[in-house]
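[1] Need a 3D model of the following:
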Amino acid sequence: MNLHNPQSIDPVCLTKLDTSMAIHQLTYRNVTYHFCSAHCQERFSEAAVFFSAPQRIDELHPIPKHHRLRVASVPEAIREVAGICLSEVRGVSNVLIGDGYADIDYDLRLVSLNQLEAAMKDAGLPLKGWLHGLRRSLWSFVEHNELENLASQPSPCCSRPPIRVR
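    Modelled structure (predicted):
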């Protein structure tokens with residue numbers, strides 16, 4: 001560790017960073033946060049309240065999610081490539097793409113449904129719209145609220161009443 005360069009921790013993936021070398025940074029509520037990648041910076045921007053809330057690093061746990069997304073029929077070669085691309089997205093733990101669907105398991109701390117939708121589009125896997133689009137919007141809304149609710153919970157060290165001494 002270089003003593004002349006201050007260290008920081010990426011609030012999304014908890015990677016230790018040298019602030020002088022960090023390319024990705026963002027100021028939120030007069031605090032500058034440093035990120036290891038554009039992915040983590042985008043994730044922070046989507047749920048800044050959650051990632052900026054006081055939390056103990058040793059008590060952060062994954063927030064597992066699973067969704068079956070409806071996709072348009074595409075050739076198997078495209079499904080295979082899309083599966084590989086989605087597997088490489090930070091926070092995705094499992095991907096299964098079949099004819100007309102994509103089952104995805106992921107950690108909500110590390111990736112959002114919006115980021116997954118963008119990755120699917122980039123990989124050439126078009127999502128079905130209309131009713132399923134409304135369902136995805138609802139899932140995104142619920143996930144965002146879940147993170148905000150987790151951010152508003154008191155820290156474990158402060159949630160106990162003080163001990164009275166007589």
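[2] what about the helices in this protein?
    38-46, 48-52, 76-87, 113-122, 130-152 (DSSP state H).
[3] quick one: which of those helices is nearest D107?
    helix 38-46 (10.6 Å; C-beta to C-beta). Any C-beta I mention is one placed from the backbone N, CA and C, and that applies to glycine too.
[4] for the closest one, packing partners?
    The elements that helix 38-46 packs onto, with contact taken as 3 or more C-beta pairs under 8 Å, 6 or more residues apart in numbering; DSSP states H and E, are strand 24-28, strand 31-35, helix 113-122.
[5] Which residues belonging to it are considered buried?
    By neighbour count on 16 or more other C-beta atoms under 10 Å, the buried set for helix 38-46 is 39-44, 46.
[6] centre of the chain versus it, how much separation?
    8 Å (C-alpha atoms, centre = their mean, to the nearest Å).
[7] cool, stretch 64-74 as well?
    Using C-alpha atoms, centre = their mean, the offset of stretch 64-74 from its chain centre is 17 Å.
[8] Output it in CSV with nothing but the alpha carbons.
    Presented in CSV, the C-alpha positions along stretch 64-74 are these (Å, rounded to 0.1, in the frame of the first residue of the first chain):
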residue,chain,number,x,y,z
PRO,A,64,-30.6,-12.5,-4.1
LYS,A,65,-33.1,-12.0,-6.8
HIS,A,66,-34.5,-14.3,-9.5
HIS,A,67,-36.6,-13.3,-12.5
ARG,A,68,-37.8,-15.0,-15.6
LEU,A,69,-37.8,-12.4,-18.4
ARG,A,70,-39.7,-13.0,-21.6
VAL,A,71,-37.7,-12.6,-24.7
ALA,A,72,-38.4,-12.7,-28.4
SER,A,73,-37.5,-15.9,-30.3
VAL,A,74,-34.0,-15.7,-31.6
